[in-house]
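Novice: I'd like to go over a predicted model; first the sequence, then the structure.
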Amino acid sequence: MKKDYSNLRVLFVGSYPPPYGGIASLIQLLIPGLKRFSAQDIAVLSFGNVNKIEQVEGALIYRYQLINQIWKILLPWKWKIILKTMMSFKGYQLSLKKKILFITKTLIVNDISKTHQSNVVYFFHSNSSLDILPLSKIWKNKIGIVLEIFGEIYDEHENVFIKEHTKLFNNILSIPQVITASSQHCANSFKQIGINKPVEVIYIGVDLSRFTHAEKLKHQYRKQFNCEKGTVLFLFFGRFVRAMGLESLIEAIPKVIKEKK
């Protein structure tokens, strides 16, 4: 049965554009899929190194350098929201820098959600989404909130911050109507610090249509990198960090080559 998304007005808050990271690639795949199911409006908000707004595949993409948007907290007509945001973060011992950045992010997310009349805002990574706390108070259940968690708690640096602010993350994870994860490993991550919120595992699929010309592309890439037909190639999909298992692949390469001979 085909689902009806004709009333859906969604704002994704996560990294963009692809191919720089799994979140960006996921959003890229979601946009045309949601369009096929008649989603009314799709917007993407990403924070990086540029300030740019553009139309991509039927969605409006907002890219901001967050630190260059701090001037927004000086706008008098924003002070009511700023005060509410500051009160939301009270008692959590956040650094002044983090407070300023997340106050700024709160203002931007709120403005874009109002511009697009979004009825769902989809956040990625809990440690990048502290603004969920003040936004939930600003929106008062008028906008649905979805949070997708990944392996942030397994990251050495973020693990320290999250453990030091367990109360904050417990409260943040209590807000979304839905929390999702791309694997059971990620879904179980917060249990190690005693946060047992329901997490729905939604495995990220593969768009097979992207590989319909794989045979042709294979020859193009081999020619581009001067790889002869009999050359053994090793491919690694993931970030160059220990958690992604790159060391295991490197250790296996000599054994594979030896067996091949």
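Specialist: Received the coordinates, thanks. Numbers count the residues shown, from 1 in each chain.
Novice: how far out from the middle of the chain is whatever helix or strand Gly33 lives in?
Specialist: Assigned by DSSP states H and E, Gly33 belongs to helix 22-36. Distance of helix 22-36 from the chain centroid (CA atoms, centre = their mean, to the nearest Å) equals 12 Å.
Novice: If we go by neighbour counts, what in that helix is buried?
Specialist: In terms of neighbour count (16 or more other CB atoms under 10 Å), helix 22-36 has its buried residues at Gly22, Ile23, Ala24, Ser25, Leu26, Ile27, Gln28, Leu29, Leu30, Ile31, Leu34. C-beta: built from backbone N, CA, C; applies to glycine.
Novice: same check, this time on stretch 82-93
Specialist: Those would be Ile82, Thr85, Ser88, Phe89, Tyr92, for stretch 82-93 by 16+ other CB under 10 Å.
Novice: how about the fourth one, what does it touch?
Specialist: Right, the one you point to is Phe89. Taking CB atoms under 8 Å, 6 or more residues apart in numbering as the criterion, Phe89 is in contact with Lys99, Phe102, Leu130, Leu133, Pro134.
Novice: again, only this time at 7 Å
Specialist: Phe89 is in contact with Lys99, Leu133, counting by CB atoms under 7 Å, 6 or more residues apart in numbering.
Novice: Please report the number of neighbouring residues for Pro254.
Specialist: Residues lying near Pro254 (other CB atoms under 10 Å) number 9.
Novice: Just the C-alphas of the helix or strand harbouring it, formatted as PDB.
Specialist: Per DSSP H and E: Pro254 is located in helix 246-260. Taking C-alpha atoms only, helix 246-260 is exported to PDB below (Å, rounded to 0.1, in the frame of the first residue of the first chain):
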ATOM      1  CA  LEU A 246      40.600  -0.400   8.500                       C
ATOM      2  CA  GLU A 247      43.400  -2.100  10.400                       C
ATOM      3  CA  SER A 248      41.700  -5.400  10.000                       C
ATOM      4  CA  LEU A 249      41.600  -4.900   6.200                       C
ATOM      5  CA  ILE A 250      45.200  -3.900   6.000                       C
ATOM      6  CA  GLU A 251      46.300  -7.000   8.100                       C
ATOM      7  CA  ALA A 252      44.300  -9.300   5.800                       C
ATOM      8  CA  ILE A 253      45.800  -7.900   2.500                       C
ATOM      9  CA  PRO A 254      49.100  -9.900   2.500                       C
ATOM     10  CA  LYS A 255      47.200 -13.200   3.200                       C
ATOM     11  CA  VAL A 256      44.800 -12.500   0.400                       C
ATOM     12  CA  ILE A 257      47.600 -11.700  -2.100                       C
ATOM     13  CA  LYS A 258      49.600 -14.800  -1.000                       C
ATOM     14  CA  GLU A 259      46.500 -17.000  -1.600                       C
ATOM     15  CA  LYS A 260      45.900 -15.400  -4.900                       C
END
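Novice: which residues sit against that helix?
Specialist: In contact with helix 246-260 (CB under 7 Å, 6+ apart) are residues Val232, Phe234, Phe236, Gly238, Phe240.
Novice: what pLDDT, on average, does that helix get?
Specialist: Mean pLDDT, helix 246-260: 84.
Novice: What residues sit buried inside it?
Specialist: Buried residues in helix 246-260, counting neighbours by 16+ other CB under 10 Å, are absent.
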